[in-house]
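Enquirer: this one's sequence-less:
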C-alpha cells in the first residue's frame, strides 16, 4: 500500500521521498506532461547567390536598389510648402490691380447695367442677414457701377462705402470676399475720389487682417487690396492712416502689412521726392520709418531699415531726424545710422 501511494506522487516529489527498507528500486517513469515537445524541422536555407560558375544552386537576380533621397532634396520639399515673402516695389499700373470678385467673375467681364440708378438704390436697401446670395449679387452690381457708371456712384459715394464696409465684416466668407473686391474696384477706377474714404476703408481692411478667425485667402485678399490703396490714392491720407492705425496696432501681422505698404509707398515716390515734399508729409514719413525700425516684430523692422538707408543720405535729413526722434529710441537709431553709413562706405 505504501509503495502504491508513492507511485501516485509527482515524479519530482518522488525523488525526495525515502524508500522503505527492503523495497525494490523503481524505474523512473516520465509522465505525458513532462515529455518534451518535438522540435519543428529547420527551415531550408536558400542557396547563396555567389554568381560564380562552380557555385551550387541557381543564381538569383539581385533586387534593384532604392534610389537614395538626399537631405537637400528633402529640405527643399519641406520649404516649398511655405513660399518666401517678397516686398512689392515700384508702382504698378491700375490695370494690373484688377482682382477676382467673390463670385469668381473678373472685373473685365462685368457688363454695363441697363438702369444704374435703380441698381444703386437696390444696393442701398437693407437685406436680411441670411440672404448672402443676394448680397453677393448686389456687391457685384456695385463693381459694375464703379467701372461703367462712376458718375452715378459719386453722388452717394460715402453712403455706398459705409454699406460695403459693413459687408467686409460679414462672417460669411463669400460675402466678405466680394466686399473686399468691391473696395479694390473703387480704388482702381475712382482713385483720388476715394481719398475722403481712405481712413474708413483702410481700417476695415486692416481689421480683416487682424481677425484670427479669417482664413488665409481672405487675409491675402485684404493685403492685396491695401496694395491697390497705395497705388491709386493720394500718398498723404494713405500714410496718415497706415501710421496712425496700422503701425499702432497690437497685432504683429497688421503692423507688418502696414510697414510693407509704407515701404511700397516710399519706393513709388523715391527718397528725393519725399524729402522735397511738404513738411507734414515729410515729418510723418520720418516718424513712420523710426517707428518701424524699432518695432518688436522681426518681420516689421526690415522695411524701415530699407527706407532709412535711402533717406539717410538725403540733404537735411539728419536735421529733420534729430528733431523728430524720441530720446528713448535715439541710441538704437543712432547705431543703425552708423552701421548704414559704414556699409555704404565699404561699397
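Expert: Yep, that arrived. What you see is a predicted model; the values in this text were computed from it and never measured.
Enquirer: now stretch 210-224: mean pLDDT?
Expert: Averaging pLDDT along stretch 210-224 yields 88.
Enquirer: in which helix or strand would I find the residue lying closest to residue 148 once chain neighbours are set aside?
Expert: In space, and not counting its chain neighbours, residue 148 is closest to residue 112: 4.1 Å by CB to CB, 6 or more residues apart in numbering. Where C-beta positions appear, they are placed from N, C-alpha and C, glycine not excepted. Under DSSP states H and E, no helix or strand contains residue 112.
Enquirer: helices and strands of this structure: which one bottoms out on pLDDT?
Expert: Ranked by mean pLDDT, DSSP states H and E, the helix or strand of the chain with the weakest confidence is helix 71-79, at a mean of 44.
Enquirer: flag the shaky bits of the stretch 51-200 of the chain, pLDDT-wise.
Expert: Applying pLDDT under 70 to the stretch 51-200 of the chain picks out residues 51-108, 127-130.
Enquirer: quick one, strands of it?
Expert: Here the stretch 51-200 of the chain has no strands by DSSP state E, counting those that start in this stretch.
Enquirer: and the helices in it?
Expert: For the stretch 51-200 of the chain, the helices defined by DSSP state H, counting those that start in this stretch occupy 71-79, 116-124, 132-148, 150-154, 157-168, 173-190, 198-210.
Enquirer: just the ones you listed: most buried one?
Expert: Most buried of the helices of the stretch 51-200 of the chain by mean neighbour count (mean count of other CB atoms under 10 Å) is helix 173-190; its value is a mean of 24.
Enquirer: which elements pack onto that one?
Expert: If you count contacts as 3 or more CB pairs under 8 Å, 6 or more residues apart in numbering; DSSP states H and E, helix 173-190 packs onto helix 132-148, helix 150-154, helix 157-168, helix 198-210, helix 216-232.
Enquirer: out of those helices, flag the one nearest residue 332.
Expert: helix 198-210 (26.3 Å; CB to CB).
Enquirer: can you spell out which helices and strands pack onto that closest one?
Expert: Where contact means 3+ CB pairs under 8 Å, 6+ apart, helix 198-210 is packed against helix 157-168, helix 173-190, helix 216-232, helix 235-241, helix 252-269.
Enquirer: residues in contact with the first one?
Expert: Outside helix 157-168, the residues within contact range by CB atoms under 8 Å, 6 or more residues apart in numbering are 120, 123-124, 135, 139, 142, 153, 175-176, 178-180, 182-183, 186, 190, 193-194, 196-197, 200-201, 204-205, 208.
Enquirer: circling back to that earlier point, for residue 271, which of the helices of the stretch 51-200 of the chain is the nearest?
Expert: Of the helices of the stretch 51-200 of the chain, nearest to residue 271 by CB to CB is helix 198-210, at 23.4 Å.
Enquirer: that closest one versus helix 216-232: what angle between them?
Expert: 150 degrees (axes from the mean of the first three to the mean of the last three CA atoms, to 10 degrees).
Enquirer: residue 226 reaches residue 202, doesn't it?
Expert: Yes - judged on CB atoms under 8 Å, residue 226 makes contact with residue 202 at a distance of 7.0 Å.
Enquirer: re earlier: in a markdown table: the helices and strands packed on helix 173-190, plus distance to residue 276.
Expert: Formatted as a markdown table, the helices and strands packed on helix 173-190 follow (distance: least, CB to CB, whole Å):
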| stretch | distance to residue 276 |
| --- | --- |
| helix 132-148 | 34 |
| helix 150-154 | 32 |
| helix 157-168 | 32 |
| helix 198-210 | 23 |
| helix 216-232 | 20 |
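Enquirer: contact partners for the residue nearest to residue 148?
Expert: Contact partners of residue 112, counting by CB under 8 Å, 6+ apart, are 144, 148-149.
Enquirer: related to what we said a few turns ago, any chance of CSV for the helices and strands packed on helix 198-210, columns distance to residue 338?
Expert: What follows is these, written out as CSV (distance: least, CB to CB, whole Å):
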stretch, distance to residue 338
helix 157-168, 44
helix 173-190, 40
helix 216-232, 31
helix 235-241, 27
helix 252-269, 22
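Enquirer: nearest to residue 323, of the ones you listed?
Expert: Checking the helices and strands packed on helix 198-210 against residue 323 by CB to CB gives helix 235-241 as the closest, at 18.6 Å.
Enquirer: contacts for the closest one, please.
Expert: 195, 198-199, 202-203, 229-230, 261-262, 265, 269, 280-281, 284-285, 288.
Enquirer: identify the farthest-apart pair in the residues you listed.
Expert: 203 and 269 (22.8 Å).
Enquirer: from residue 121, how far out is residue 160?
Expert: From residue 160 over to residue 121 the distance is 11 Å, taken as CB to CB, to the nearest Å.
Enquirer: what do you get for residue 257?
Expert: 35 Å.
Enquirer: now swap in residue 113 and tell me
Expert: Applying CB to CB, the value for residue 113 to residue 121 is 12 Å.
Enquirer: closest one to residue 329 among the helices and strands packed on helix 173-190?
Expert: It's helix 198-210; of these, that one is closest to residue 329 (CB to CB) at 23.6 Å.
Enquirer: what angle do the closest one and helix 157-168 make?
Expert: Going by the same axes, to 10 degrees, helix 198-210 makes 10 degrees with helix 157-168.
Enquirer: got a list of what the nearest residue to residue 189 once chain neighbours are set aside touches?
Expert: Using CB to CB, 6+ apart and skipping the chain neighbours, the partner closest in space to residue 189 is residue 146 (4.9 Å). Counting by CB under 8 Å, 6+ apart, residue 146 touches 153, 182, 185-186, 189-190.
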